[in-house]
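Trainee: Build me a structure from this.
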Amino acid sequence: MDGVKFLLDLSVLLLGAKVFGLLAKRIGVPEVVGQIVAGLVFGPALLGFIQETEFLEQMAEIGVMMIMFEAGLNTDLKEMRRTGVKAAGIALVGVIVPMIMGAAVYLLFYGIGSSDGDVILRGLFIGTIISATSVSITVAALQELGRLNDTVGTAITGAAIIDDVIGIVALTVVISMKGGNGASGIGSVLLKVVLFFVLAIGSGVVINKGMHFLDERFPHTRRIPIASLCYCFLLGYVAETYFGIADITGAYLAGVVLCNLSDRDYINEKVSISSYMVFAPLFFTGIGLKTSFSTVNARLLIFSILFTAVALAAKVIGCGGCAWLMGFKRKDALKIGIGMMSRGEVALITAQKGLAAGLLDADFFTSVILLIVISSIVTPILLKRVYQN
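Mentor: Reported below is the predicted structural model:
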């Protein structure tokens, strides 16, 4: 980073996010779509004025964690308990169907006549990438629509969290098959997942009681949201560093732990100020900044388009279809399927793991980025349409 160039980057991105967000809102599109477009305009995809830096990545990471923390704070525990079993079923089918469809697309393009002994594993890995849901964009869209806490919103959020865990297990299974670790590697991951949730629940009981004590003694004081946000970041750090689970899962669970505090709305209000003004816009513009079309050739472009279409359809078919079979009305099932379409940082992390394991070539990051950008734009638009009809 050159000197204080990051200050110029911040000013352009934040102003651009607001301007494009307002323009998006003016034409009836969710504001987050405009923020993603701002990243595309100022990033390598178009003007090339701003390049992604480690600083901007870290700011964006804070943004997505704050979004998920707010989603956890706004969780209705009674509604979540009511939809928990259905959410688990939706998540499971929502991983299996995209894995199969993603693998089929890859093998259709690159498997026929291939001498690569790992071509089937590569196909399974492509399927694993598109099985990952990023609920943060859906959460932002549902918040904007005022639908985050209804039955459908709770089912989407719960399913996305479970989807993340199942996706981690699937990722480990495929990489273990490549590395020859077999059952021992898979068992290790399953154990870590179980231990994390045991830790999260156990520590959550203690933290909840401690925060209730603070809440009663110092109501509506800034120390309450500060302590809450510290807990969010800490649980996210522990989840990613020690258990291999995405930090956004830890952030969401931290919000759930604190969602029954009497000062919940006060915490949410204070966190929202920083999130809305700085961190969330940097997360959404960051999606656009990751996009570059310099390495695209005709074959990869065709694959990327089909890969994206299949990835979007697979979530609607898998998650929406399962929701319908589990008793949701057809329209609500469609909302759930659309809500689970968005992909984000989890898909990128999965792709990076595959690159390191030799299961993915760097060129395919173009396909992943295209999926993230298109799903991030299309999901909130379709959600708004289906809620209005």
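
Trainee: Quick check: closest non-adjacent residue to residue 9.
Mentor: Counting by Cβ to Cβ, 6 or more residues apart in numbering, residue 50 is the residue found nearest to residue 9 once chain neighbours are left out, at 5.1 Å. Every residue, glycine included, has its C-beta placed from N, CA and C.

Trainee: so where's the stretch 101-250 of the chain shaky on pLDDT?
Mentor: In the predicted model, the stretch 101-250 of the chain carries pLDDT under 70 at residues 113-117, 176, 178-186.

Trainee: go again using 50 as the cut-off
Mentor: Along the stretch 101-250 of the chain, no part satisfies pLDDT under 50.

Trainee: Show me the strands in it, by range?
Mentor: For the stretch 101-250 of the chain, strands defined by DSSP state E, counting those that start in this stretch do not occur.

Trainee: still on that earlier bit, now do the SS call for the residue nearest to residue 9.
Mentor: coil (DSSP: H, G, I helix; E, B strand; the rest coil).

Trainee: can I assume it is in contact with residue 11?
Mentor: No. The pair residue 50 / residue 11 is not scored as a contact, 10.5 Å apart, by Cβ atoms under 8 Å.

Trainee: okay, those two: which has more neighbours?
Mentor: A count of neighbours by other Cβ atoms under 10 Å puts residue 50 above the other of residue 50 and residue 11, at 24 against 10.

Trainee: residues in contact with that one?
Mentor: By Cβ atoms under 8 Å, 6 or more residues apart in numbering, the contact set of residue 50 is 9, 12-13, 42-43, 56, 289.

Trainee: And it, how far from residue 349?
Mentor: To residue 349, residue 50 is 22 Å away according to Cβ to Cβ, to the nearest Å.

Trainee: same question, residue 143
Mentor: Noted for residue 143: a distance of 24 Å to residue 349, by Cβ to Cβ.

Trainee: At the geometric centre of the chain, which residue sits there?
Mentor: Among the residues of the chain, the one closest to the centroid is residue 134, at 2.0 Å (Cα atoms, centre = their mean).

Trainee: correct me, but that residue touches residue 344?
Mentor: Yes. The criterion here is Cβ under 8 Å, and residue 134 meets it with residue 344 at 2.8 Å.

Trainee: who touches both of the two?
Mentor: Residues touching both residue 134 and residue 344 (Cβ under 8 Å, 6+ apart) are 372, 376.

Trainee: which ones are touching residue 344?
Mentor: For residue 344, the contact set (Cβ under 8 Å, 6+ apart) comprises 64, 134, 136-137, 287, 372, 376.

Trainee: no wait, residue 353
Mentor: 171, 175.

Trainee: Where does it sit, in terms of helix or strand?
Mentor: helix 345-357 (DSSP states H and E).

Trainee: Just the buried residues of that helix, please?
Mentor: For helix 345-357, burial by neighbour count (16 or more other Cβ atoms under 10 Å) applies to 345-351, 353-354, 357.

Trainee: now stretch 10-24
Mentor: The neighbour-count check on stretch 10-24 (16+ other Cβ under 10 Å) flags 10, 12-14, 16-18, 20-21, 24 as buried.

Trainee: can you list these in a markdown table and add pLDDT, secondary structure and distance to residue 362?
Mentor: A markdown table is the format used below for the buried residues of stretch 10-24 (pLDDT from 0 to 100; DSSP: H, G, I helix; E, B strand; the rest coil; distance: Cβ to Cβ, whole Å):
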| residue | pLDDT | secondary structure | distance to residue 362 |
| --- | --- | --- | --- |
| 10 | 95 | helix | 29 |
| 12 | 96 | helix | 28 |
| 13 | 96 | helix | 26 |
| 14 | 96 | helix | 31 |
| 16 | 95 | helix | 28 |
| 17 | 94 | helix | 28 |
| 18 | 94 | helix | 34 |
| 20 | 94 | helix | 29 |
| 21 | 91 | helix | 32 |
| 24 | 84 | helix | 32 |
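
Trainee: Quickly name whichever of those is closest to residue 98.
Mentor: Nearest to residue 98, judged by Cβ to Cβ, of the buried residues of stretch 10-24 is residue 24 at 27.8 Å.

Trainee: Residue 31 is in contact with the closest one, correct?
Mentor: Yes. Residue 24 is within contact range of residue 31, at 5.7 Å (criterion: Cβ under 8 Å).

Trainee: Where do the helices of the stretch 201-350 of the chain begin and end?
Mentor: Under the criterion DSSP state H, counting those that start in this stretch, the stretch 201-350 of the chain contains helices at 223-243, 247-257, 264-274, 280-289, 298-315, 321-325, 330-339, 345-357.
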